[in-house]
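# Got a sequence here, can you model it:
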Amino acid sequence: MIERLEKIQTADGAMEVFTARPDGNGPFPVVVEIMDALGMREELHDHARRIARLGYYVVAPDFFYRSNIKGPLDLSDPATLPRIRAAMAALTDVLATRDIEDALKVAQSDPAAATDKLGLYGFCMGGRLALVLCEKLGDRVAAAASIHPGGLVTDQPNSPHRHLEHVTAEIYFGIADQDQTATPEQMAELETALRARNVSYTLEWHPGAKHGFMMPSRQDVYHEDAARKAWQRIEALFARKLA
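Numbers count the residues shown, from 1 in each chain. Got it, this is the predicted structure:
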């Protein structure tokens, strides 16, 4: 496997981008990993490596460079949650889209990457952004996975479920049934909106799972069975849509 960690210049500063891909010339389909709110860290690099081993060119940008936050963040520290909330508030959908466009330049400049159609997968806030980016990037995205997301359905005008007009990707939603940021009522409203726009999707409830169930470092919430099933769904989705 070939991997790199480099800094690229954006309009707002230097953003770290981690990439991982198989050995060989490719070209390999490009998949973007969208981080959770605990900061870019080795655990997420490991997730990127997992996808890369399947034959993909994975691009994983660190969205918190504007806030100068590096993971892993310690949730036992009372100062951590306010920092996370501030960083998330600063990362608007417009800025996140711009960051993805900048990060994709790394792949676009590499002949080992095939950028004609994209896959996305994200966790927590990245699960929300996966749906947002399906809308923002339109038919450039062929497949996306939104894993233990929060904020997909809110009463705000920018709620992702209100903006699905340009979504053409097939989407997998992996939802923890113990997650108060993705309640049955909210998911029912999301499904109504998805069906109204004829979006191809699968929404799967993971019994007994909590928000963050994909992260082995978080033994308080990690759910091995739910994580295994979610990875299987992601792998099958990308194999079907990005081949």
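# So which residues of this structure form helices?
Taking DSSP state H as the criterion, the chain carries its helices at 42-52, 80-90, 93-108, 125-137, 184-196, 224-242.
# how many other residues sit next to residue 157?
Look at residue 157: counted by other CB atoms under 10 Å, it has 7 neighbours. (Each C-beta comes from the backbone N, C-alpha and C, glycine too.)
# Please tell me the pLDDT value assigned to it.
Per-residue pLDDT puts residue 157 at 93.
# Let's test this: name the helix or strand in the protein with the lowest mean pLDDT.
helix 80-90 (a mean of 87; mean pLDDT, DSSP states H and E).
# relative orientation of that one and helix 125-137 in degrees?
0 degrees (axes from the mean of the first three to the mean of the last three CA atoms, to 10 degrees).
# any low-confidence regions in the chain?
Within the chain, no range satisfies pLDDT under 70.
# okay, which residue is most central for it?
Compute the mean C-alpha point of the chain, and by CA atoms, centre = their mean the closest residue is residue 122, 1.6 Å away.
# List the buried residues in the strand ranked longest in the chain.
Ranked by residue count, the top strand of the chain under DSSP state E comes out as strand 113-123. Within strand 113-123, the residues that count as buried by 16 or more other CB atoms under 10 Å are 113, 114, 115, 118, 119, 120, 121, 122, 123.
# again with stretch 39-55
For stretch 39-55, a neighbour-count test (16+ other CB under 10 Å) marks 39-41, 43-45, 47-52, 54-55 as buried.
# Identify all contacting residues around the least confident helix or strand of the chain.
Identification of contacts with helix 80-90 by CB atoms under 8 Å, 6 or more residues apart in numbering yields 37, 38, 64, 66, 67, 69, 73, 74, 75, 125.
# Need the residues you listed in TSV (columns: neighbour count and distance to residue 231).
Formatted as TSV, the contacts of helix 80-90 follow (neighbours: other CB atoms under 10 Å; distance: CB to CB, whole Å):
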residue	neighbour count	distance to residue 231
37	22	20
38	24	19
64	24	25
66	15	30
67	16	29
69	19	27
73	20	23
74	10	26
75	13	24
125	23	20
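# Which ones among those map onto strands?
In strands, judged by DSSP E, none of these are found.
# ok, so of these, who is nearest residue 132?
Relative to residue 132, the closest of these is residue 125; by CB to CB it sits at 10.1 Å.
# For that closest one, which non-adjacent residue is spatially closest?
residue 37 (4.8 Å; CB to CB, 6 or more residues apart in numbering).
# mind listing what the one you found touches?
Per CB under 8 Å, 6+ apart, neighbours of residue 37: 84, 87, 88, 124, 125.
# returning to what we had before: mind putting the contacts of helix 80-90 into CSV with distance to residue 137?
Putting the contacts of helix 80-90 into CSV (distance: CB to CB, whole Å) gives the following:
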residue, distance to residue 137
37, 22
38, 25
64, 21
66, 21
67, 24
69, 25
73, 28
74, 34
75, 31
125, 17
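# about what we covered before: what's the offset of the longest strand of the chain from the middle of its chain?
Taking CA atoms, centre = their mean, to the nearest Å, one finds strand 113-123 lying 10 Å from the centre of the chain it belongs to.
# Show me what it is packed up against.
For strand 113-123, the elements it packs on are strand 28-34, helix 93-108, helix 125-137, strand 141-147, helix 224-242, judged by 3 or more CB pairs under 8 Å, 6 or more residues apart in numbering; DSSP states H and E.
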